[in-house]
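> Predicted model follows, preceded by the sequence.
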Amino acid sequence: MTSVASAPENPLPLGRPQHRRTLAGRLIGWLRANLFASIPSSIISLLLIAVLGKALISLVQWGYVNAIWIVSGDQTGPCRALRGIGACWAVIPEKYRFILFGTYPFNEQWRPALATLTFIALFYFSTRPSFWGRKLVLLWIGALALIGVLMWGGIFDLTYVSQDRWGGLPVTLILATFGLAFGFPLGILVALGRRSKLPAIRSLCVLYVELIRGVPLISLLFMASVMFPLFMPDGVNIDKLLRAQIAFVLYAGAYLAEVIRGGLQAVPRGQYDAADALGLSYWKKNGLIILPQAIRHVIPPLVNTFIAFFKDTSLVLIIGIFDLLTTAKTSIIDPAWQSFSVEVYIFVSLIYFAFCFAMSRYSRHLEAQARPS
Amino acid sequence: MTISTPRSPRRALWRFLQDRRRLNGLLWQLLVVGIVIAGVGWLWSNALHNLSVRRISTGFAFLGREAGMPIADSWIAYSPKDAYARAFLAGIVNTLRVAVIGIVLATVLGTLIGIARLSSNWLLSRLAAVYVEVLRDVPLLLQLLFWYVLMQGLPAARTAWKPVDGVFLSNRGLVLPSVPIEGANLWVIGAATLGLIASYFLRRRLIAQQMADGRTRPLWPYALLLVVGLPALLSWTLGASWTVTFPELRGFNFVGGLTLAPEYFALLIALVTYTSAFIAEIVRSGIQAVHVGQWDAAKALGLRRSFMLRHIVLPQALRVIIPPMTSQYLNLTKNSSLAVAVGYQDIVSIANTTLNQTGQAIEAIALIMLVFLTISLGISLFMNWYNARIALVER
């Protein structure tokens, strides 16, 4: 590669003439400093410009110039004629209701839409440090209850909608959010258990964490979908979504426990001693003194775990639960639209990207804040 | 804490009962362990009951029965008439094949992108940043489906793309020229591998000698002899043939050469590109973690840039890089289980089919877990060994 060695910190070479004042002059100066600083760098720049230019042109031609934006009904003939030459974005207006909300009753789809907005509002307020603390716990309980009412209905003149009709984005958000809401307390308990002085509890926690982290998530989901019913007594039939949700809670608990344990290790010894000196009980010591500091230490890695977890919910596709990815994949089974999966996948990617990108930006913002200036 | 000096057993017991902390601890442990044992016991008795109701026999006896499932893409000889055990073995080989090659490629690609991210060339570093951001923020399964759809959209075998002579890319996958890997050739490859290992130990000895007397000794003549010379001699004496077979289009498919099935190829691309984005970030932060003073000092000594990277910067960066890299390798291996979504028959896919055919859910999932725990443990042990080797030697 070009020149890692020359300037790891400061990409602007010093000593360039700084006297160019005109716009063109400054532009040339910038180009010389950033793209054509040396001969190898110039070669790479030219090569990249050529390749990128070609790729961008064909992408714009496929995605915009030759694309078809709307067709009437299922008349996808013109779209199919243009396959490989132009995109068929008409599939999105045709299918977006199904992709976003699955088989939820069509006239009631404002409810999952509102539930999705509630989720987004909940995430937004969770990022405000002024809410951290007891207020946040109350907020989460209230929001999750509201979402439950919206999705199930059955009260306040809302017709009841059973879980097997749920689908799309709300299911993805439910799996991720409830997984975190229950996995987080579990993770805290396991992290404390793993650092406990009691050997039986410690080994149980180690066993749990290592077992879950050592196997792929899919095997846990298989376990939830095919093994779990075997372990239940006769007559107890737990819904598939709930079974997957339990698997996600166990999975999130193990990964969050490891992150929180890292935070616990970063709390200085003196804090423990001080809490002991005050005569606080084990739970008071951890709840009031140690954990608040420990969790603050690990907020950026926690957010990264949330991102990974959010993406991982897409794996329920394999056990046939209708999350966002499954509805997307199902929406193109329709023969008329069969050959436009690329367009649909791009649309869904954008949704996932928006959520994950927002979270990763937030994590970076936190990291920048934490770093001493 | 009081230090107890037990004079008699009875007194010790009394003291122990008085020490509320230890008593509490014991009670807590008994409580938690009791709950866990009771819970597991309850689940287990339910399972035994349900299995007997459904007439499913427990145990691994089914492994000896005929599998009857076809495996399209296997590296070991397998036919549907073989036993389930053989099918599982083929699945394990398939998992390892995608995981090992994936780890190597992802490391190479990720390192290149991580270095590109630090380049002083604005375009290159921006491009690397966009690559990392886009790939990290879209679920792997979605990327895998995307690659698979693209793979299926490729032209048919007749009109396959030929980027280079002898290489064909079509909806049948990627077909490459190959050399036979069997018989005498296998011995030669084994000899070259042994030579490589021997040269590694030789290098350590030479460095130790250099440390002792300060004289530099060249390694390359020995290495050349061990890695190239002796295997070549062996190849000549055994009469191994190294003719490259080029794939040829016959009818609707290719004959000869090495074929990477579209499922395998899509899975490999998805795993490699996705993991490389994470590795790139690890490599970047590792290099940035090396203090600027180290660069300056190396420059002040007038070292060449390549020497500086190899002997000053990378050894220090590696210490930061290796532990998170290990967890990426583990992730890649576990993520290879997504193969089931595109129909590549890895261990998870085979276990899933077995489960559907025989109803042996507990055994099949236990086997998946066992295989992955073993692979994870293997990777962890290797990386820990490597980490210990490159760790800072403090004097």
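Noted; the coordinates are in hand.
> per-residue pLDDT, A:Glu9?
Looking at A:Glu9, its pLDDT is 46.
> again but with B:Ser349, I slipped
So, for B:Ser349, pLDDT stands at 88.
> From the chain's centroid, how far away is whatever helix or strand it lives in?
For B:Ser349, the host element (DSSP states H and E) is helix B:347-358. For helix B:347-358, the gap between its own C-alpha mean and the chain's C-alpha mean amounts to 22 Å (C-alpha atoms, centre = their mean, to the nearest Å).
> Am I right that B:Leu169 is in a strand?
Yes: looking at B:Leu169 with DSSP: H, G, I helix; E, B strand; the rest coil, it is inside a strand.
> contacting residues around it?
Contacts here follow C-beta atoms under 8 Å, 6 or more residues apart in numbering or on different chains; on that basis B:Leu169 touches B:Leu154, B:Ala160, B:Trp161, B:Lys162, B:Pro163, B:Val175. In this view, the C-beta of every residue, glycine as well, is placed from N, C-alpha and C.
> what about the fourth one, how many neighbours?
Using other C-beta atoms under 10 Å in any protein chain shown, B:Lys162 has 11 neighbouring residues.
> one step back: emit the ChimeraX select command for whichever of the contacts of B:Leu169 are buried.
Here is the ChimeraX command that selects the buried residues among the contacts of B:Leu169 (16 or more other C-beta atoms under 10 Å in any protein chain shown):
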select /B:154,160,175
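> Check the contacts of B:Leu169 one by one and keep those near chain A.
Checked against chain A using C-beta under 8 Å from any C-beta of the partner chain, these yield no neighbours at all.
> List, one by one, the residues from the stretch 201-350 of chain A near chain B.
So the stretch 201-350 of chain A meets chain B at A:201, A:204, A:211, A:214-219, A:222-223, A:226-227, A:229-234, A:307, A:311-312, A:314-315, A:317-318, A:325, A:329, A:341-342, A:345, A:348-349 (C-beta under 8 Å from any C-beta).
> CA atoms only: put stretch A:271-281 into PDB for me.
These are the backbone C-alpha positions of stretch A:271-281, laid out as PDB (Å, rounded to 0.1, in the frame of the first residue of the first chain):
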ATOM      1  CA  GLN A 271     -14.400   1.400  45.500                       C
ATOM      2  CA  TYR A 272     -15.200  -2.100  46.800                       C
ATOM      3  CA  ASP A 273     -13.300  -1.500  50.000                       C
ATOM      4  CA  ALA A 274     -15.000   1.800  50.600                       C
ATOM      5  CA  ALA A 275     -18.400   0.200  50.100                       C
ATOM      6  CA  ASP A 276     -17.500  -2.600  52.500                       C
ATOM      7  CA  ALA A 277     -16.300  -0.100  55.000                       C
ATOM      8  CA  LEU A 278     -19.700   1.600  54.900                       C
ATOM      9  CA  GLY A 279     -21.200  -1.800  55.800                       C
ATOM     10  CA  LEU A 280     -23.300  -2.100  52.700                       C
ATOM     11  CA  SER A 281     -24.800  -5.400  51.800                       C
END
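> tell me the mean pLDDT over it?
Per-residue scores along stretch A:271-281 average to 86.
> Buried residues, it. List them.
So for stretch A:271-281, counting by 16+ other C-beta under 10 Å, buried means A:Ala275, A:Leu280.
> What ranges does the stretch 151-300 of chain B have for its strands?
Remark: strands assigned in the stretch 151-300 of chain B by DSSP state E, counting those that start in this stretch are B:168-170, B:173-176, B:248-250, B:253-255, B:258-260.
> Same list, those, but as a markdown table with mean pLDDT please.
A markdown table is the format used below for the strands of the stretch 151-300 of chain B (pLDDT from 0 to 100):
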| stretch | mean pLDDT |
| --- | --- |
| strand B:168-170 | 80 |
| strand B:173-176 | 80 |
| strand B:248-250 | 73 |
| strand B:253-255 | 72 |
| strand B:258-260 | 78 |
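> and these as TSV, adding distance to B:His49?
Listed next are the strands of the stretch 151-300 of chain B as TSV, based on distance: least, C-beta to C-beta, whole Å:
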stretch	distance to B:His49
strand B:168-170	53
strand B:173-176	47
strand B:248-250	58
strand B:253-255	51
strand B:258-260	47
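> Skipping adjacent residues, who's closest to A:Lys284 in space?
A:Ala275 (7.9 Å; C-beta to C-beta, 6 or more residues apart in numbering or on different chains).
> wouldn't the one you found be in contact with A:Ile289 here?
Yes: judged on C-beta atoms under 8 Å, A:Ala275 makes contact with A:Ile289 at a distance of 4.4 Å.
> count of neighbours near the spatially closest residue to A:Trp69 that is not a sequence neighbour?
Counting by C-beta to C-beta, 6+ apart, A:Trp89 is the residue found nearest to A:Trp69 once chain neighbours are left out, at 5.1 Å. The burial count assigned to A:Trp89 is 20, neighbours taken as other C-beta under 10 Å.
> What is the neighbour count of B:Leu124?
24.
> Got the phi and psi for the residue lying closest to B:Ser170 once chain neighbours are set aside?
Computed as C-beta to C-beta, 6+ apart, the closest residue to B:Ser170 that is not its neighbour in sequence is B:Ala160, at 3.6 Å. Main-chain dihedrals, B:Ala160, degrees, to the nearest 10: phi -60, psi 150.
> Could you measure from A:Thr159 over to chain B?
Between A:Thr159 and chain B the distance is 33 Å, computed by C-beta to the nearest C-beta, to the nearest Å.
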